[in-house]
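*Asks:* show me how the following folds:
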Amino acid sequence: MKSKFDATEESRQEDHDLVRKFMQGDVNAIERLITKHKNRVFTYILLVVKDHDLAEDIFQETFIKVIRSLRKGKYEEKGIFISWVIRIAHNQVIDHFRKENKQRTISNDATEQDLFNSPELADENIEDRLVQDQIAKDVRRLINQLPEDQQQVVLLRHYGGLSFKEIARETGVSINTALGRMRYALINLRKIVKATKITLTPM
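*Replies:* Down below sits the predicted model:
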């Protein structure tokens with residue numbers, strides 16, 4: 001009987017093999033990768049955007065980006081494929097909301113109605129969106145400064161919505177190790193925030 005560690009290693013090796021096959025021209029390989037990870041990636045996107053149709057669109061955009069990135073050789077073999085895909089999905093979500101915010105910024109000259117007096121486009125609401133977007137970017141930069149193993153746990157937990165049991169299975173470690181990595185990640189993030197004096201909450 002295979003242990004969870006063996007199963008995780010086998011799954012990770014399968015991902016790497018499929019990536020290599022795709023890079024060698026096997027189109028079916030990417031279809032197998034998408035099928036294998038669809039539920040987890042789509043669930044993450046849906047939890048963030050809370051709209052099924054929008055989640056479908058972003059899911060498609062995510063794997064278009066995955067395919068393009070693979071062809072450009074941007075995937076590192078030492079990484080975990082699912083965490084890499086979730087990171088791309090997260091960036092696609094951020095890009096979507098950034099574009100949406102830009103589209104909502106309409107000049108008063110474009111209409112006789114004073115749109116900026118409406119509740120949806122009130123100054124404080126626009127400011128809140130911009131602040132939240134900046135916070136998200138600051139947090140992402142902070143996470144990028146963590147050691148790779150700590151980055152993986154943070155991304156899988158807070159962006160991928162995985163339980164620590166699932167994280168342990170995905171990364172091939174014990175639950176205690178996964179919990180330890182999260183603990184050290186939070187400690188390191190606090191140190192980085194203190195050192196850089198970044199404010200992560202609206203004043």
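*Asks:* can you give me the buried ones in the helix or strand hosting Arg183?
*Replies:* Secondary structure from DSSP states H and E places Arg183 in helix 175-196. Buried residues in helix 175-196, counted by 16 or more other CB atoms under 10 Å: Thr177, Ala178, Arg181, Met182, Ala185, Asn188, Leu189. Where you see a C-beta, it was placed from the backbone N, CA and C, and this is true even at glycine.
*Asks:* what distance separates it from the centre of its chain?
*Replies:* Mean C-alpha position of helix 175-196 versus that of the full chain (CA atoms, centre = their mean, to the nearest Å) differs by 18 Å.
*Asks:* and for stretch 64-81?
*Replies:* Its chain's C-alpha centre and that of stretch 64-81 lie 14 Å apart, by CA atoms, centre = their mean.
*Asks:* rewinding a little: for the buried residues of helix 175-196, which one is nearest His37?
*Replies:* Closest approach to His37 among the buried residues of helix 175-196 (CB to CB): Ala178, at 19.3 Å.
*Asks:* can you tell me how far that closest one is from Leu156?
*Replies:* Per CB to CB, to the nearest Å, Ala178 is found 9 Å from Leu156.
*Asks:* between those two, what contacts are shared?
*Replies:* Ile167, Thr171 (CB atoms under 8 Å, 6 or more residues apart in numbering).
*Asks:* okay if I get the buried residues of helix 175-196 as JSON lines plus distance to Gly25 and pLDDT?
*Replies:* Compiled in JSON lines, the buried residues of helix 175-196 are given as follows (distance: CB to CB, whole Å; pLDDT from 0 to 100):
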{"residue": "Thr177", "distance to Gly25": "38", "pLDDT": "91"}
{"residue": "Ala178", "distance to Gly25": "37", "pLDDT": "89"}
{"residue": "Arg181", "distance to Gly25": "37", "pLDDT": "91"}
{"residue": "Met182", "distance to Gly25": "40", "pLDDT": "90"}
{"residue": "Ala185", "distance to Gly25": "39", "pLDDT": "88"}
{"residue": "Asn188", "distance to Gly25": "42", "pLDDT": "88"}
{"residue": "Leu189", "distance to Gly25": "42", "pLDDT": "85"}
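*Asks:* what's the closest of those to Ile88?
*Replies:* Ala185 (20.5 Å).
*Asks:* give the contact list for the nearest residue to that closest one once chain neighbours are set aside.
*Replies:* Leaving aside its chain neighbours, Ala185 sits nearest to Gln150 (3.9 Å; criterion: CB to CB, 6 or more residues apart in numbering). For Gln150, the contact set (CB under 8 Å, 6+ apart) comprises Arg181, Met182, Tyr184, Ala185, Asn188.
*Asks:* ok, Gln150 to Ile187 distance?
*Replies:* Remark: distance between Gln150 and Ile187 (CB to CB) = 10 Å.
*Asks:* next one: Arg169
*Replies:* Arg169 sits 24 Å away from Ile187, going by CB to CB.
*Asks:* how confident was the prediction at Gln145?
*Replies:* For Gln145, the pLDDT comes out at 85.
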